[in-house]
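> predicted structure and sequence below. I'll ask about it afterward.
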Amino acid sequence: MRIDVGRAEGNVLDEDPKIVVEKFLAALEAAGADEKTVKSYRAALYDFFQFVGWKKLKDIGYEDVARWRLERLRHGFPNAKYGDRRSRQVTLYYYTLFLRRFFEWCGLQIRMPKVRKPRRREPETLRPEEIAKLFDAARDRLDLLILALLLETGLRAKELLSLTFGDIDLTNREIRVRHAKFGEERTVFIGPLTYQLLSMEIAERRPNPSDRVVPLSYSGLYKRLKSLARRAGVDPSKVRPHIFRHTFATEALRKGLSIIALQKILGHRDIKTTEIYLHLLKEDVKRQYLQIFSSIPSPMLVSPQQFAPVHNPAPQPLVPTYPIATGTPISGVHNVGSMNSKTCPVCGARIPTNSSVCPVCGASV
């Protein structure tokens with residue numbers, strides 16, 4: 001989402017670049033950018049200016065940006081969490097966009113070198129047997145509640161950790177998500193297991209409305225899920241909060257939820273973001289296809305021996321029967337109907353006029 005921060009007041013090209021960067025970040029925040037967005041812009045701008053030695057804006061040119069881009073593509077970013085080339089390119093793609101927006105705000109006309117955005121990877125999901133193992137390995141009700149909430153609501157980690165009991169409406173089976181991405185509120189719904197666990201939690205704890213449902217930090221949640229995965233014998237790299245969100249979305253579509261309804265539940269602004277989960281259903285499509293066609297014999301129009309050149313002037317006609325929807329057989333290779341064709345001089349089969357090889361006997365024509 002592009003946030004309109006307008007233009008800088010006065011001439012900032014001669015000012016201390018650190019002061020200018022902070023002014024821009026303040027303008028970004030005032031325009032409605034959330035904390036995470038401001039943090040990302042800060043990381044991008046500080047990385048670039050540290051690379052160029054905090055030059056004044058009036059002294060920065062295309063060559064500075066090109067050198068920075070090349071260095072980061074080749075050697076990555078300092079203290080980066082992931083060091084592979086794809087991760088570097090994704091980070092650089094967004095950092096370049098942030099830098100361009102900053103230059104526009106400053107009134108600095110610099111042609112920005114392009115960085116190609118890598119194709120989005122298909123989201124990982126948990127298999128049903130892995131989910132069952134995680135539930136079996138739960139140590140207490142908090143483990144169970146975390147699993148149920150993530151798998152039945154599709155909440156992001158930050159949204160889960162900010163939930164209070166005042167956000168829970170058991171009567172209507174709704175949860176009010178107040179700390180959603182982009183600062184927008186939405187409603188998610190309480191599934192049967194979540195309902196059961198929340199009812200028990202409220203009955204026993206009798207919490208205040210301001211009490212958090214999952215009283216953990218992000219680090220605490222992350223470590224708890226990893227520990228749960230190890231006890232369950234599930235690959236810990238697959239057990240992350242966002243993997244549960246992907247699993248929820250995929251299962252919701254698989255069970256018949258519309259893509260529009262899923263978009264609202266997940267809080268996506270763009271339907272294209274939600275559509276990535278449709279790609280994960282290809283295995284379901286394949287399974288249905290194989291179930292339908294597994295009982296139908298494959299058509300063998302030409303046997304392997306008939307690909308070899310033969311000189312028999314009177315081959316047996318090939319008329320396979322392939323039961324399609326109407327139950328009627330399809331024509332064999334000899335029955336080409338009204339299409340433009342010619343006759344093979346060796347076996348007499350009719351073949352397309354633009355063909356140089358007979359598909360029946362393999363003779364050159």
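Great, that's in hand. Numbers count the residues shown, from 1 in each chain.

> just checking, what packs against the longest helix anywhere in the chain?
Assignment by DSSP state H gives helix 85-106 as the longest helix of the chain. Applying 3 or more Cβ pairs under 8 Å, 6 or more residues apart in numbering; DSSP states H and E, we find helix 85-106 packed against helix 17-30, helix 35-51, helix 62-75. Just so you know, the C-beta spots here come from the backbone N, C-alpha and C atoms, and that holds for glycine as well.

> at 6 Å instead, please
helix 35-51 (3 or more Cβ pairs under 6 Å, 6 or more residues apart in numbering; DSSP states H and E).

> next, the angle from the helix it packs on to helix 62-75.
With axes from the mean of the first three to the mean of the last three Cα atoms, to 10 degrees applied, the angle from helix 35-51 to helix 62-75 works out at 110 degrees.

> CA atoms of helix 35-51 as PDB?
Taking C-alpha atoms only, helix 35-51 is exported to PDB below (Å, rounded to 0.1, in the frame of the first residue of the first chain):
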ATOM      1  CA  GLU A  35       4.900   0.700  13.400                       C
ATOM      2  CA  LYS A  36       6.100  -2.200  11.300                       C
ATOM      3  CA  THR A  37       6.100  -0.100   8.100                       C
ATOM      4  CA  VAL A  38       8.000   2.800   9.700                       C
ATOM      5  CA  LYS A  39      10.600   0.200  11.000                       C
ATOM      6  CA  SER A  40      11.000  -1.200   7.500                       C
ATOM      7  CA  TYR A  41      11.600   2.300   6.000                       C
ATOM      8  CA  ARG A  42      14.100   3.100   8.800                       C
ATOM      9  CA  ALA A  43      16.100  -0.100   8.100                       C
ATOM     10  CA  ALA A  44      16.200   0.600   4.400                       C
ATOM     11  CA  LEU A  45      17.200   4.300   4.700                       C
ATOM     12  CA  TYR A  46      19.800   3.700   7.400                       C
ATOM     13  CA  ASP A  47      21.300   0.900   5.400                       C
ATOM     14  CA  PHE A  48      21.700   3.000   2.300                       C
ATOM     15  CA  PHE A  49      23.100   6.100   4.100                       C
ATOM     16  CA  GLN A  50      25.500   4.100   6.100                       C
ATOM     17  CA  PHE A  51      26.800   2.600   2.900                       C
END
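
> ok, T273 to R245 distance?
Distance from T273 to R245, counting by Cβ to Cβ, to the nearest Å: 12 Å.

> between these two, tell me which one has more neighbours.
R245 (22 against 13; other Cβ atoms under 10 Å).

> what distance do you get for the residue nearest to the more buried one when sequence neighbours are not counted to A249?
Nearest residue to R245, sequence neighbours excluded (Cβ to Cβ, 6 or more residues apart in numbering): G154, at 5.0 Å. Per Cβ to Cβ, G154 is found 6 Å from A249.

> those two: which is more packed in?
Neighbours were counted for G154 and for A249 using other Cβ under 10 Å; A249 has more, 25 against 22.

> thinking again about what came up before, give the buried residues for the longest helix of the chain.
Residues of helix 85-106 classed as buried: 88, 90-92, 95-99, 101-106 (neighbour count, 16 or more other Cβ atoms under 10 Å).

> show me how far stretch 142-157 is from its chain's centre.
What separates the centre of stretch 142-157 from the centre of its chain is 20 Å, taken as Cα atoms, centre = their mean, to the nearest Å.

> can you give me the strands in this structure?
168-169, 174-177, 186-189, 341-343, 350-352 (DSSP state E).

> before we move on, the earlier item: relative to K56, how far out is the residue nearest to R245?
Here G154 is placed at a distance of 47 Å from K56 (Cβ to Cβ).

> chain center to stretch 168-181, what's the gap?
Taking Cα atoms, centre = their mean, one finds stretch 168-181 lying 25 Å from the centre of the chain it belongs to.

> what comes up buried for it?
Applying 16+ other Cβ under 10 Å to stretch 168-181 flags 168, 175, 177, 179-181 as buried.

> could I get the residues you listed as CSV with pLDDT?
Converted to CSV, those look like this (pLDDT from 0 to 100):
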residue, pLDDT
I168, 96
I175, 95
V177, 93
H179, 78
A180, 77
K181, 75
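
> closest one to L149 out of the residues you listed, please.
I175 (8.4 Å; Cβ to Cβ).

> so in terms of bridging, what pairs with the closest one?
Beta bridges link I175 to I168, V188, judged by DSSP bridges.

> give the contact list for it.
By Cβ atoms under 6 Å, 6 or more residues apart in numbering, the residues touching I175 are 167-168, 188.

> and it, how far is that from K223?
The value you get for I175 to K223, if Cβ to Cβ is used, is 24 Å.

> give me the neighbour count for the nearest residue to Y95 once chain neighbours are set aside.
Excluding the flanking residues, the one nearest Y95 by Cβ to Cβ, 6+ apart is A44, at 3.9 Å. Neighbours of A44 under the rule other Cβ under 10 Å: 21.

> output the below-cut-off pLDDT ranges for the stretch 51-200 of the chain.
Applying pLDDT under 70 to the stretch 51-200 of the chain flags the ranges 82-83, 120-122, 182.

> out of the buried residues of stretch 168-181, which comes closest to E124?
K181 (20.1 Å).
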